[in-house]
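Q: Please find the sequence and the predicted model below.
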Amino acid sequence: MAVTHSVVLYDPKETSAEVKAAAGFLAGYSGRTREAYTLDLRQFYGWCDRHHLQLFEVTRTHIELYARELEELGRAPATIGRRLSTVAGLYRYAAEEGVIEHSPAVHVRRPRLDYESHAVGLDRNELGAFLVAAGLSSARDHALCSLLALNGLRISEALGADIDQLGLERGHRTLVVHRKGGKTVTIPLAPRTARAVDLAVGERFDGPIFLGHKGEKRPSSSCVDDRRCSGEIQPVRDACASAARASTRARRTLARRSAPSHISRAAIVPPSSTSSGMMAEVSK
């Protein structure tokens, strides 16, 4: 049987209630969201199977024990929270459809999450160095880095853009972007980004904006999301590395000029860091 990401019911009359519920729950989602929920349910199904539990025989106690086991395995709180959320969603769907009387996951405790972002962004000087490094590279690299830095696109959104999605509205260059969850938006391009994209496109009138290094069609955006497309994001890594080196040199120069002689320069200049469906299948 060929493996797909679809939710397939071969014979609904002979399908168990568990499979029907899983199929119906996953069918409500698409794309990466369905794949993530599929993985979460596979993990939970595997846990139930190892403990000889049927899906609809599970109680709140069992789900609490499942969460504690994930903690003992060293899973991050965000991962545990997402998996519990998926399990709770499945049981909520089953309860709404009348498959079970009530969801055993309603009152399951979930780990506390730190919603404050600890990601370190680029400051103005570092962003400038990043764009300078990109501008010294090829037109393709410059356009890609400009879309990421100046327009805030995800790498998959940038690589998934086609030439026919470029447009002009009220005197501004625009790009139609397909985002997560199937959303489609039209964004205005920064002037520098528009010029860089024009140079990357050249004389072409259709096809993807970004071609491979050898002129071949760029891989699908799913390759980028799965982190199997290192060649496509290498220009970004190179530009980040160049920007980091430039920023480090600037910090050291500033430290030499302004630091009192009795203060260690090492205390002023921090070490640099370079950027380097669950498918429900039922056979007869």
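A: Here it is on my side, so go on.
Q: how would you label the closest residue to residue 29 other than its chain neighbours: helix, strand or coil?
A: In space, and not counting its chain neighbours, residue 29 is closest to residue 37: 6.1 Å by C-beta to C-beta, 6 or more residues apart in numbering. C-beta coordinates here come from the backbone N, C-alpha and C atoms, glycine included. When classified by DSSP: H, G, I helix; E, B strand; the rest coil, residue 37 comes out as helix.
Q: now swap in residue 100 and tell me
A: Under three-state DSSP, residue 100 comes out as coil.
Q: Apart from its neighbours in sequence, what residue is nearest it?
A: Per C-beta to C-beta, 6+ apart, closest to residue 100 is residue 94, 4.9 Å.
Q: show me what contacts residue 103?
A: Neighbouring residues of residue 103 by C-beta atoms under 8 Å, 6 or more residues apart in numbering: 88, 91-92, 94-95.
Q: Just name the closest of those to residue 29, please.
A: Residue 29 has its nearest neighbour among the contacts of residue 103 in residue 92, at 13.8 Å by C-beta to C-beta.
Q: Doesn't the closest one lie inside a helix?
A: Yes - using three-state DSSP, the assignment for residue 92 is a helix.
Q: For it, give its distance to residue 141.
A: 47 Å (C-beta to C-beta, to the nearest Å).
Q: which of these two has more neighbours?
A: residue 141 (22 against 16; other C-beta atoms under 10 Å).
Q: Show me where the stretch 1-150 of the chain has its helices.
A: Under the criterion DSSP state H, counting those that start in this stretch, helices of the stretch 1-150 of the chain are mapped to 17-27, 31-50, 60-72, 77-96, 124-135, 139-151.
Q: Which other helices and strands does the third one contact?
A: It stands for helix 60-72. helix 31-50, helix 77-96 (3 or more C-beta pairs under 8 Å, 6 or more residues apart in numbering; DSSP states H and E).
Q: rerun at 6 Å
A: helix 77-96 (3 or more C-beta pairs under 6 Å, 6 or more residues apart in numbering; DSSP states H and E).
Q: now swap in the fourth one and tell me
A: Contacts defined by 3+ C-beta pairs under 6 Å, 6+ apart place helix 77-96 against helix 17-27, helix 31-50, helix 60-72.
Q: With the last one instead?
A: When contacts are defined as 3+ C-beta pairs under 6 Å, 6+ apart, helix 139-151 sits against helix 124-135, helix 191-201, helix 230-258.
Q: follow-up on the earlier one: pick the one among the contacts of residue 103 closest to residue 122.
A: residue 88 (37.9 Å).
Q: Distance check, that closest one against residue 56.
A: According to C-beta to C-beta, residue 88 stands 14 Å off from residue 56.
Q: So these two - more neighbours on which side?
A: Neighbour count, other C-beta under 10 Å: between residue 88 and residue 56, residue 88 has more, with 18 against 14.
Q: Not counting sequence-adjacent ones, nearest residue to the more buried one?
A: Once flanking residues are discounted, residue 88 sits nearest to residue 105: 3.9 Å by C-beta to C-beta, 6+ apart.
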